[in-house]
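S.K.: Just need the structure, nothing else, for what follows:
(2 chains)
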Amino acid sequence: MTGERTPDKPSTELVPVERQPQPVRKPPRRKKVVLAEAKGSRTVARTIVELEEQTSVGEHLVRSLVWAQFRTSFWMAVLLIVSLASLPLLFFLFPAFGDLTVFGIRLPWVLLGALPYPLLYGLGVWYVRRAERHERDFVSMVDR
Amino acid sequence: MGLNALALVSISVIVLGTFYLGYHGSRTANTTRDFLVARRRVSVHQNAAAIAGEFLSAASFIGIVGLVLKNGPDELWYAIGFTAGYLALLLFVAAPLRRSGAYTLPDFVEARLGSRGLRGLAAVITVAIGYIYLIPQLQGAGLTLNSVLPWAPDWLGVVVVTIVVVVNVLSGGMRAITLVQAFQYWVKLFAITVPAFVLCVVFAGGGPPDGQQSLTAPGPPMFTQDTTVTLEQAVKLEVPQPMRLPDVHGWVNGIRADGPAWWNAGEQRIGAKTQLTFSAGTPVPTVSGAVQDNADWLRPQSGGLPELFDTYSLIFATFLGILGLPHVLARFYTNPDGRSARRTTLHVLLLLGAFYLFPALLGALSRIYEPQLLVTGKTDAAVLLLPAAMLPGLPGQLLGAVVAAGAFAAFMSTSSGLLVSLAGVVSTDVSRGRVRDFRWSTVLVVVAPLVGALLLRSNDVSLGVGMALAMAASTFCPVLMLGIWWRGLTWVGAGAGMVLGGSLVALALVTNIVSGYTGDWAPAVVRQPALITVPIAFLTMIIVSKATSRRRPEDVNRIMLRLHAPDPLGFTRDRDVLRFGEGQTDGRHRKLAIRSRLRSRRSSSTA
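M.R.: Numbers count the residues shown, from 1 in each chain, chains lettered A, B, ... in the order given. The predicted structure is shown next:
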């Protein structure tokens, strides 16, 4: 049972819980591995088996991936808060700041009406690049 | 009459176009997966346009301009917060949510925390958020139709939008509305950019109308011509300085008035159905609550500490509320995988940013050209009436018709998205989730918001949306954030947090409605409670989860792997396929279903 792989049949233990009369108390530790038909990862990597089997190595790998992704998201969010959410406080504490003019338009209107959008998109592009890099690193580590 | 006819034509074109695209999209829709998640094969760009189209609701299209006209640049935080909310969604939720393989938000909750009871609770909250969000959309439709076609009663717009949306959703669910919403994004972008450019050129060419105060000068805006205003609701007016009114018909301060009148500076209570005539050159009295002085209006944060609290609460609600809105998240299940969900969100940021460049501009122009809206308080109509106010004759009417069409697109796309997500939740949680169940759920869920929209008094359209966001931010946002990134969340903790956060917001909402009928005594906290309720919900979830850590799902590591593993490793299991199969049909369209299944197999094997 351990060595066989039957990619044509979906694995049985992933039937949703509501179909089963009794929810399975403890999932079995060893699994049949069904690799995805899609995206053609032909090489059967030992690490994928470890991931699915929840060995300590696999668990460590997943934890480090989640942590790396979270760190990226978290710092992006901090950047977002510092850059945008500080504005009301700034306007409140230094009212004179709100009276500055650029190109004949009041600065707050530029800061609130136009500039946030390029900033947000830029942050988004940066984040997607970094997140996808983490994922590529993870895949190449697993496939090796 | 010209505006009426043109607006009627443009609205009809949009309604018919919506019908046609819904029909076109639903021709091949026949399985549960079509109705729930459009078979998970919507491309990045189409889905992004559909998400942006769904999200740019009445609040964005007409609400923000009206609020800017009334209160100045602080209201732009709505637009910024909405967009930033999508960035937060991108950072914390988009890809893991798709990889969870869930098909509704309650389904995600069950997949992550393994509790049927919590799934039910999540379904109830989904329906509550959907209703709070749907009612202002329908009311906005009534208001719009009433603004451009004065003979149309308020209920007509409500009923028209409801019918169009229900028919589309009945015919093809998510599959039908994807195309519709994507199309409606471009309609809305067109309907706001074209008037904005034309009106800017008009303004740059002609300058402000004679006699109007410059926006930078202190003092209230002025009437530039003799203006007659009819109030539909009773209002309190702040009169800036003593003024003479050539003609007043109706009730002022409880006394019947017919003929010329002198008003002293201060507050005047005007009865409903009163007709006021102002002569050119008098300063504009404003409804209480609006910013009167142009210099104050132009400056952000001129309202002191309460306004600062308001702004931060709004920022909190929008930054975090978007990623808990069920109808927004529902669209992310339609992407093929996590990576495309992420790219979709990125594209949404671009599309929303392009749209939100314009409300500030239109709001400022409205302040110059339509000060009379400050008297009636119906500032939501600002963007609809602006073209006619700035450009007399046919060009203004044409532009007005374009804007009206865009506003209608806004109501229809948002309402249809809400209805699909609600029907999806009800049909899969209350009944067995067949196509037939989806259809009757659609009809069932639309009844309550329809009645609500007809009976409840319409506040500013944006405020209702703000409440829905606060609700989402205090319930689903913490569940998603903690569920995706923290192993320690238990169903007990999630349930306690959702109940507490949700009921606090519900309490605020009820208080708000009651206060609206009994003299607006509610403090700012009640109008936008997110700043308080969201931290409470987060803390409750964390503390209760810590206390009940034995209830952690035993396969939490496996779930985390599934949520975060990159798509090429193939750990994603679509729960809808597991529950409903690849192509469960009603038995009538079997041929089509088989052909599409073959196609999907072929495309996945070549990829």
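S.K.: mind checking pLDDT for residue 7?
M.R.: No chain in the question, so chain A it is. Model confidence at residue A:7, given as pLDDT, is 47.
S.K.: not what I meant, chain B
M.R.: Reported pLDDT for residue B:7: 85.
S.K.: That one touches residue B:147, doesn't it?
M.R.: No - applying CB atoms under 8 Å as the test, residue B:7 and residue B:147 come out as separate, 9.1 Å apart. Every residue, glycine included, has its C-beta placed from N, CA and C.
S.K.: in chain B, which spans are strands?
M.R.: Shown for chain B, the strands assigned by DSSP state E span residues B:227-230, B:235-239, B:243-252, B:255-263, B:266-270, B:275-278, B:286-287.
S.K.: Centroid-nearest residue for chain B?
M.R.: residue B:57 (4.1 Å; CA atoms, centre = their mean).
S.K.: Dump the strands of chain B into TSV; add mean pLDDT and distance to chain A as well.
M.R.: Shown next, in TSV, are these (pLDDT from 0 to 100; distance: least, CB to the nearest CB, whole Å):
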stretch	mean pLDDT	distance to chain A
strand B:227-230	82	27
strand B:235-239	81	22
strand B:243-252	82	29
strand B:255-263	82	31
strand B:266-270	81	27
strand B:275-278	84	28
strand B:286-287	80	20
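S.K.: ok so, going back, who's more crowded, residue B:7 and residue B:147?
M.R.: residue B:7 (25 against 22; other CB atoms under 10 Å in any protein chain shown).
S.K.: any idea how far chain A is from the more buried one?
M.R.: 28 Å (CB to the nearest CB, to the nearest Å).
S.K.: Minimum distance to chain A, which residue of chain B gives it?
M.R.: residue B:570 (2.3 Å; CB to the nearest CB).
S.K.: ok, back up a step: deepest in the core, which of the strands of chain B is it.
M.R.: strand B:286-287 (a mean of 23; mean count of other CB atoms under 10 Å in any protein chain shown).
S.K.: Paired strands for it, with orientation please.
M.R.: Using DSSP bridges, the strands paired with strand B:286-287 are strand B:235-239 (antiparallel).
S.K.: Extract the C-alpha trace of the partner strand and format it as CSV.
M.R.: Taking Å, rounded to 0.1, in the frame of the first residue of the first chain, the C-alpha atoms of strand B:235-239 are listed here in CSV:
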residue,chain,number,x,y,z
VAL,B,235,-34.0,69.7,7.8
LYS,B,236,-32.2,71.9,10.1
LEU,B,237,-30.3,74.7,8.3
GLU,B,238,-27.3,76.6,9.5
VAL,B,239,-27.7,80.2,8.3
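S.K.: quick one: the residue nearest to the centre of chain B and residue B:414 touch, right?
M.R.: Yes - using CB under 8 Å, residue B:57 makes contact with residue B:414 at a distance of 3.8 Å.
S.K.: Burial check on residue B:348, number of neighbours?
M.R.: Neighbours of residue B:348 using other CB under 10 Å come to 31.
S.K.: For residue B:246, see how far away it is.
M.R.: Distance from residue B:348 to residue B:246, counting by CB to CB, to the nearest Å: 52 Å.
S.K.: Tell me if the lengthiest helix in chain A is near chain B.
M.R.: Looking across chain A with DSSP state H, the single longest helix is helix A:116-143. Yes - contact between helix A:116-143 and chain B, assessed by CB under 8 Å from any CB of the partner chain, occurs at A:116-118, A:120-121, A:123-125, A:127-128, A:131-132, A:135-136, A:138-139, A:142.
S.K.: quick one: low-confidence parts of chain A?
M.R.: A:1-47, A:54, A:144 (pLDDT under 70).
S.K.: and if we set it to 50?
M.R.: Within chain A, the segments meeting pLDDT under 50 span A:1-7, A:9-13, A:15, A:17-18, A:20, A:40-43.
S.K.: ranges for the helices of it?
M.R.: Going by DSSP H, chain A shows helices at A:46-53, A:56-80, A:87-93, A:107-113, A:116-143.
S.K.: what ranges do the helices span in the stretch 501-607 of chain B?
M.R.: B:524-527, B:530-547, B:556-564, B:575-580, B:590-606 (DSSP state H, counting those that start in this stretch).
S.K.: Would you pull up how far the longest one lies from the middle of the chain?
M.R.: If I follow you right, that is helix B:530-547. 26 Å (CA atoms, centre = their mean, to the nearest Å).
S.K.: Over to the third one?
M.R.: The chain centre lies 33 Å from the centre of helix B:556-564; the measure is CA atoms, centre = their mean.
S.K.: Ok, the shortest one next?
M.R.: Relative to the chain's own centre, helix B:524-527 is displaced by 20 Å; criterion: CA atoms, centre = their mean.
S.K.: hmm, that helix in reach of chain A?
M.R.: No - Helix B:524-527 stays clear of chain A (CB under 8 Å from any CB), getting no nearer than 14.0 Å.
S.K.: Show residues contacting that helix.
M.R.: Outside helix B:524-527, the residues within contact range by CB atoms under 8 Å, 6 or more residues apart in numbering or on different chains are B:306, B:309, B:310, B:313, B:463, B:466, B:508, B:511, B:512, B:515, B:531, B:532.
S.K.: Check the residues you listed and tell me the two furthest apart.
M.R.: B:515 and B:531 (18.6 Å; CB to CB).
S.K.: When those two are compared, which one has more neighbours?
M.R.: Taking other CB under 10 Å, residue B:515 and residue B:531 do not tie; residue B:531 has more neighbours (20 against 15).
S.K.: Quick check, that one in contact with residue B:312.
M.R.: Yes - here residue B:531 reaches residue B:312: they are 5.9 Å apart, a contact under CB under 8 Å.
S.K.: The stretch 301-450 of chain B against chain A: which residues are in contact?
M.R.: B:301-302, B:308, B:311-312, B:315, B:319, B:339, B:342-343, B:345-346, B:349-350, B:352-354, B:356-357, B:359-361, B:364.
S.K.: what does the stretch 51-200 of chain B give?
M.R.: Residues of the stretch 51-200 of chain B lying near chain A (CB under 8 Å from any CB): B:73-74, B:76-77, B:80, B:83-84, B:86-88, B:90-92, B:95, B:110, B:114, B:116.
S.K.: For ChimeraX, write the selection for the buried entries among the residues you listed.
M.R.: Here is the ChimeraX selection string for the buried members of those, based on 16 or more other CB atoms under 10 Å in any protein chain shown:
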select /B:73,74,76,77,80,83,84,86,87,88,90,91,92,95,110,114
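S.K.: which residues touch residue 79?
M.R.: Since no chain was named, I'll use chain A. residue A:123.
S.K.: nope, chain B please
M.R.: Residue B:79 neighbours (CB under 8 Å, 6+ apart): B:60, B:64, B:356, B:359, B:360.
S.K.: rerun at 10 Å
M.R.: A:112-113, A:116-117, B:59-60, B:64, B:68, B:318, B:352-353, B:355-360 (CB atoms under 10 Å, 6 or more residues apart in numbering or on different chains).
S.K.: Could you do residue B:480 as well?
M.R.: By CB under 10 Å, 6+ apart, the neighbours of residue B:480 are B:89, B:92-93, B:96-97, B:100, B:105, B:108-109, B:112, B:320, B:323-324, B:329, B:472, B:494.
S.K.: any idea which of those residues has the most stuff around it?
M.R.: Going by other CB under 10 Å, residue B:472 tops the contacts of residue B:480 with 35 neighbours.
S.K.: Help me confirm that that residue comes into contact with residue B:316.
M.R.: No - if you go by CB atoms under 10 Å, residue B:472 and residue B:316 don't touch, sitting 11.9 Å apart.
S.K.: Quick check: residue A:69 vs chain B, distance?
M.R.: Taken as CB to the nearest CB, the span from residue A:69 to chain B is 6 Å.
S.K.: Thanks again, I'm all set now.
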